[in-house]
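Undergrad: Please work out how this folds:
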Amino acid sequence: SCFEFLCCKVCSYVLMLLRFFPSPTLYSPTGAESGSCLFLLPSPLVFSPPKSNFPQELLNISDSEEESCATDLYHHPQLDTDIEAVRTLYSDSAVSVREYGSIDGVDVDLNINAKLLNQEVAQAWRINPSEPIVIRLHFSLSQYLDGPAPSVEVFQPSNTDDFSLGKQLQNILTVFLSREWKHLTNENIVVRQKRRQSWFRPSGTIKKVRARLNVWLPLSKYVSIQQYAEQRIPTLNEYCVVCDERHVIQNGPMLKPAVCTRELCVFSFYTLGVMSGATDEVATGAEVVDLLVAMCRAALQSSRKGIIFEPYPSVVDPFNPKILAFSPKRKSYNRLQKALDSVLLIRRMAQGPYSEIKKQMDKIDPLAYPLLQWILASNRSHIVKLPWNRQLKFMHTPHQFLLISGPPSKEARFQTARKLHGSTFAFHGSHIENWHSILRNGLVNASYTKFQLHGAAYGKGIYLSPISSISFGYSGMNRWVKGSTTYPPEKNPGQTRFLQNRNLNCIALCEVITSKDLQKHGNIWVCPISDHVCTRFLFVYENGQVGDVHINTQEARIHREILQVIASAQL
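TA: Down below sits the predicted model:
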């Protein structure tokens, strides 16, 4: 009969669909008797026979279900394969999918474990290590392989407003997908799987698929994207946040991501939103802001500013965003000094809400606030004021800072070397005018270069000393104090929160690898390998004040206190 013929056609059609849908469920038409033919259908699919040939009681399907059916017919099986590959290699929680049938859209969330960064780097980059970094891809459901590259969004669930790193990674992935998405057709996936070749291009940091990918696991779009993101995240500081070109820095990359000096990148930098966290930085780290401004001022007023004031600011003109008000190509130290004086004036006058401080800066000098933004954004080291109960008491200054400047790659090399050779602590003293550059370029080996201020009697390398008095001398302190000069506990933290004097000196406490490369000439040590020296603390002294000039980091008591403070700071 016609009815039997139609049923056969329906069953044939269903069997054809089953080839593409791996998770079947049984569907029985309403009113079917026991032993009647059951339609074997995939769970998301509800089949709707032609209404003209079936009784209405057998067609108890709503219009919305019919729309869902029409959408599901476009659900490409490769989507399920790609998702399953991520779950197989990582975990079920590594990926999630939401389909929007009414708008022909689908969201795929790839969850990157933020713990691939150590705690100090995560804090410096404002990443919550307890939450994943979510990469959300949105694309057409019906044109999964043939449509345009998906749009990209990168965020953390509780860190949406202050996640500038996410903007950088979003730009990187957008470029990456626009270039590679079209190559991921079914045919190309099969061909490249057979050849066992990565579809990553050799440019930038794109590397081959990591070795732990099983040889029998099918290549997946999302596995490749997730692996690429995992490779890029720890190295974001090594590349310009705008053009994604590698930074050219004498001593290698620094800790914090930054923009390069190309004018086009500087213009783009101020429109990408990566400055959105500057207000919070000023509000919560006022002591650090004061320190950065003071270091900038010292470098600008130095007779050696032509050498050490590096980098020179790149600041967009607030009245004409197409030009730079301050540019390394057209240096104007006098105009820069005028704008910086306005910053210093307002910082002394106002300690209220930062929005009010900004208004006052704009009234006095329209370039003051953009310059302050640059000073904060160009700092590539992680600096945090240490609270009173976590300070090194033998240093006798309330202005103590945690200072981490090495990128994740350098820190990893340092940790490896420490396991092999061990480490100890030593001071490094340098004039306050040099720290503007040190925080942005790293603690470099300046021996026999134009940056060298003192001699290099003991050879080329970074000069250190276990004795505080020697490093105090290198920092430019012009008077010596026997014993110690103590300071009272902070009864009112506000009194010592801000730097009150322009006459500043500072020394760093570094951790150094005790390998055979470390050259010890009495109390003067020379380390020729930059990777073997990492800054840990910075101590600032006002108006010529010094601490105990007889501190020896090799004494058991001193060494023990340093380790205790490091443990409390979780370095």
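Undergrad: I'd like the mean pLDDT over the helix or strand harbouring residue 87, please.
TA: Using DSSP states H and E, residue 87 sits within helix 77-89. Per-residue pLDDT over helix 77-89 has a mean of 87.
Undergrad: Tell me where the stretch 201-350 of the chain has helices.
TA: 221-232, 263-269, 278-284, 286-300, 305-308, 333-349 (DSSP state H, counting those that start in this stretch).
Undergrad: Which among those is found nearest to residue 461?
TA: helix 305-308 (19.4 Å; Cβ to Cβ). The C-beta positions use only the backbone N, C-alpha and C, and glycine is treated the same way.
Undergrad: sorry, back to before: dump the helices of the stretch 201-350 of the chain to CSV, plus mean pLDDT.
TA: Converted to CSV, the helices of the stretch 201-350 of the chain look like this (pLDDT from 0 to 100):
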stretch, mean pLDDT
helix 221-232, 90
helix 263-269, 69
helix 278-284, 45
helix 286-300, 89
helix 305-308, 89
helix 333-349, 83
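Undergrad: Throw those helices into CSV and include mean neighbour count and distance to residue 123, thanks.
TA: Listed next are these as CSV, based on neighbours: other Cβ atoms under 10 Å; distance: least, Cβ to Cβ, whole Å:
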stretch, mean neighbour count, distance to residue 123
helix 221-232, 21, 20
helix 263-269, 17, 23
helix 278-284, 16, 12
helix 286-300, 21, 13
helix 305-308, 16, 29
helix 333-349, 17, 25
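Undergrad: With distance to residue 180 as extra columns, can I get these in TSV?
TA: Below are the helices of the stretch 201-350 of the chain laid out as TSV (distance: least, Cβ to Cβ, whole Å):
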stretch	distance to residue 180
helix 221-232	8
helix 263-269	23
helix 278-284	34
helix 286-300	40
helix 305-308	44
helix 333-349	44
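Undergrad: Nearest approach to residue 82 belongs to which of those?
TA: helix 221-232 (5.0 Å).
Undergrad: now the angle from the closest one to helix 77-89?
TA: Interaxial angle of helix 221-232 relative to helix 77-89 (axes from the mean of the first three to the mean of the last three Cα atoms, to 10 degrees): 50 degrees.
Undergrad: List the buried residues in the helix holding residue 87.
TA: By 16 or more other Cβ atoms under 10 Å, the buried positions in helix 77-89 come out as 78-79, 81-86, 89.
Undergrad: and what of stretch 360-374?
TA: For stretch 360-374, burial by neighbour count (16+ other Cβ under 10 Å) applies to 360-362, 364-365, 367-374.
Undergrad: Check those residues and tell me the two furthest apart.
TA: 360 and 374 (18.5 Å).
Undergrad: first to last residue in stretch 107-124, what's the distance?
TA: Using Cα to Cα, to the nearest Å, the span of stretch 107-124 from its first residue to its last is 30 Å.
Undergrad: quick one: contacts of it?
TA: With Cβ atoms under 8 Å, 6 or more residues apart in numbering as the test, stretch 107-124 has contacts from 83, 86, 93-98, 100, 125, 127-139, 150, 156, 222, 225-226, 229-230, 233-234, 255-256, 382, 404, 408, 411, 570-571.
Undergrad: Which of the residues in that stretch are classified as buried?
TA: For stretch 107-124, the neighbour count (16+ other Cβ under 10 Å) marks 107-114, 116-118, 120-124 as buried.
Undergrad: among those residues, which are in helices?
TA: If you go by DSSP state H, the buried residues of stretch 107-124 have 120-124 in helices.
Undergrad: from those residues, which is closest to residue 472?
TA: residue 120 (27.3 Å).
Undergrad: C-terminal to the helix holding residue 87, which secondary structure element comes first?
TA: Assigned by DSSP H and E, the successor of helix 77-89 is strand 95-100.
Undergrad: Can you list the strands that that next one pairs with?
TA: strand 105-112 (antiparallel) (DSSP bridges).
Undergrad: got a markdown table for the buried residues of stretch 360-374, with distance to residue 247 and pLDDT too?
TA: Shown next, in a markdown table, are the buried residues of stretch 360-374 (distance: Cβ to Cβ, whole Å; pLDDT from 0 to 100):
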| residue | distance to residue 247 | pLDDT |
| --- | --- | --- |
| 360 | 35 | 82 |
| 361 | 30 | 84 |
| 362 | 32 | 86 |
| 364 | 34 | 88 |
| 365 | 30 | 90 |
| 367 | 26 | 92 |
| 368 | 27 | 91 |
| 369 | 26 | 88 |
| 370 | 22 | 89 |
| 371 | 22 | 91 |
| 372 | 23 | 89 |
| 373 | 20 | 85 |
| 374 | 17 | 89 |
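Undergrad: where's residue 434 relative to residue 229, distance?
TA: Per Cβ to Cβ, to the nearest Å, residue 434 is found 37 Å from residue 229.
Undergrad: One more: residue 552?
TA: Counting by Cβ to Cβ, the gap from residue 552 to residue 229 is 47 Å.
Undergrad: Repeat that for residue 426.
TA: From residue 426 over to residue 229 the distance is 38 Å, taken as Cβ to Cβ.
Undergrad: Equivalent analysis for residue 387, please.
TA: Where residue 229 is concerned, residue 387 sits at a distance of 35 Å (Cβ to Cβ).
Undergrad: Next: residue 559.
TA: For residue 559 relative to residue 229 (Cβ to Cβ), the value is 41 Å.
Undergrad: Using the three-state scheme, assign residue 154.
TA: Classification of residue 154 using DSSP: H, G, I helix; E, B strand; the rest coil returns strand.
Undergrad: go on, residue 505?
TA: Assignment for residue 505 (three-state DSSP): strand.
Undergrad: what's across from it in the sheet?
TA: Beta bridges link residue 505 to residue 541 when assigned by DSSP bridges.
Undergrad: Tell me if I'm right that it and residue 473 touch.
TA: No. Look at residue 505 against residue 473 with Cβ atoms under 8 Å: they stay out of range, at 10.3 Å.
Undergrad: ok, the two, which is more surrounded?
TA: residue 505 (23 against 17; other Cβ atoms under 10 Å).
Undergrad: what's the domain layout of the protein?
TA: Per automatic domain parsing, the structural domains of the chain span 2-64, 77-238, 269-378, 382-448+457-486+496-569.
Undergrad: Out of those, name the one with the poorest average pLDDT.
TA: Note on those: domain 2-64 shows the lowest mean pLDDT, a mean of 44.
Undergrad: Need the distance between the two termini of stretch 326-335.
TA: 9 Å.
Undergrad: Can you point out the buried residues in stretch 228-244?
TA: Neighbour counts over stretch 228-244 (16+ other Cβ under 10 Å) mark 228-229, 231-242, 244 as buried.
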